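Asker: What shape does this take:
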Amino acid sequence: MSQMRKVVSSLALAIAFAATSFPVAAAVIDVSTNNLNWTASYATYSGAAYHYGCGTYDCISITSNGNNTGSFVGGGPAGDFTGTWNASLSFLLPADALNVTLSYQSIGVDDRAVFSLNGGTIGTFYIFGPQISGSDSNPGDFLFGAMNTLNLDIVNNPFSQFGSPMGFLDAFDGTAVALGATVSYDLPNRVPEPATALLALCGFGLLGLGRLRRCPH
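Answerer: Okay, the predicted model is just below:
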């Protein structure tokens, strides 16, 4: 009988432990230029960035076709573009997010772009290279329980990818950027599913039954 109690007690502990050791849930946010929430701005104008197909990842730009013959964000004129513009995307990280990682790969830009997270520069990439790729898992670079912001500061210069900003040279000169990126994190499973809760109750019930059987009457 003593051996049976030990078996029941061990089984109950195993069930209760398995039921209360809730797994973590993984989440991934697409922060590539395929995300339609990127905004673009230049001069005093801003609005939703224009997207157009560039392969696996969209190109985004301040104009509907990437050059000065298209429509500009915010209804601005081509003449107000002096060679620099910004694209930004914000995303929310839960306060209890774990193992947060930003993974990124530059796809292309016309003519160069500085990529940053929450004001901290990650790298610069260019129309003719070099490109950048990698990951950032430093918790100090992220804001937990708040909005985080990715920025792309783009410079157009048709003569040199390293040169000074310049407005559109002609109707064939363009500016756009494409980026592949994700933010992944784990999140503790706060609320057990009904089946898991029932399993825990069974485990603790068995423990209680075992104690009652040991009590003298």
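
Asker: The residue sitting nearest the centre point of the chain - nearest residue in space that isn't next to it in sequence?
Answerer: Centroid check for the chain by CA atoms, centre = their mean gives residue 183 as the closest residue, at 2.9 Å. Nearest non-adjacent residue to residue 183, counting by CB to CB, 6 or more residues apart in numbering: residue 29, 4.4 Å away. (C-beta placed from N, C-alpha, C; glycine too.)

Asker: and that neighbour, helix, strand or coil?
Answerer: Taking DSSP: H, G, I helix; E, B strand; the rest coil as the rule, one finds residue 29 in the strand state.

Asker: Now do the same contact list for it.
Answerer: The neighbours of residue 29, taking CB atoms under 8 Å, 6 or more residues apart in numbering as the test, are 91, 182-184.

Asker: Look up how far residue 80 lies from it.
Answerer: Going from residue 29 to residue 80 by CB to CB, to the nearest Å gives 33 Å.

Asker: who's residue 109 bridged to?
Answerer: residue 177 (DSSP bridges).

Asker: Compute the distance between it and residue 178, please.
Answerer: Distance of residue 109 to residue 178, given as CB to CB: 7 Å.

Asker: Okay, helices next: where are they in the protein?
Answerer: Along the chain, counting by DSSP state H, helices occupy 2-20, 194-214.

Asker: Quick check: buried residues in stretch 110-129?
Answerer: Buried residues in stretch 110-129, counting neighbours by 16 or more other CB atoms under 10 Å, are found at 110-117, 122, 124-127.

Asker: from those, which ones fall inside strands?
Answerer: 110, 112-117, 122, 124-126 (DSSP state E).

Asker: which of those residues lies closest to residue 155?
Answerer: Distance to residue 155 across those (CB to CB) is lowest for residue 112, with 5.1 Å.

Asker: The closest one is in contact with residue 129, isn't it?
Answerer: No: Residue 112 is not in contact with residue 129 according to CB atoms under 8 Å; the separation is 10.5 Å.

Asker: got any ranges where the protein has weak pLDDT?
Answerer: Low-confidence segments of the chain (pLDDT under 70): 1-23, 190-217.

Asker: Just to check, residue 48 is in contact with residue 39?
Answerer: Yes: between residue 48 and residue 39 there is a contact under CB under 8 Å: 6.1 Å.

Asker: These two: which has the busier surroundings?
Answerer: The neighbour comparison of residue 48 against residue 39 (other CB atoms under 10 Å) goes to residue 39, with 16 against 13.

Asker: give the contact list for the more buried one.
Answerer: Contacts for residue 39 (CB under 8 Å, 6+ apart) come out as 46-49, 87-89.

Asker: rerun that using 10 Å as the cut-off
Answerer: Neighbouring residues of residue 39 by CB atoms under 10 Å, 6 or more residues apart in numbering: 46-49, 60, 73-74, 86-90.

Asker: from those, which two are the most distant?
Answerer: For these, the farthest-apart pair by CB to CB is 74 and 90; their separation is 18.2 Å.

Asker: Could you double-check that residue 127 sits in contact with residue 159?
Answerer: No: here residue 127 lies out of contact with residue 159, judged by CB atoms under 10 Å, at a distance of 11.5 Å.
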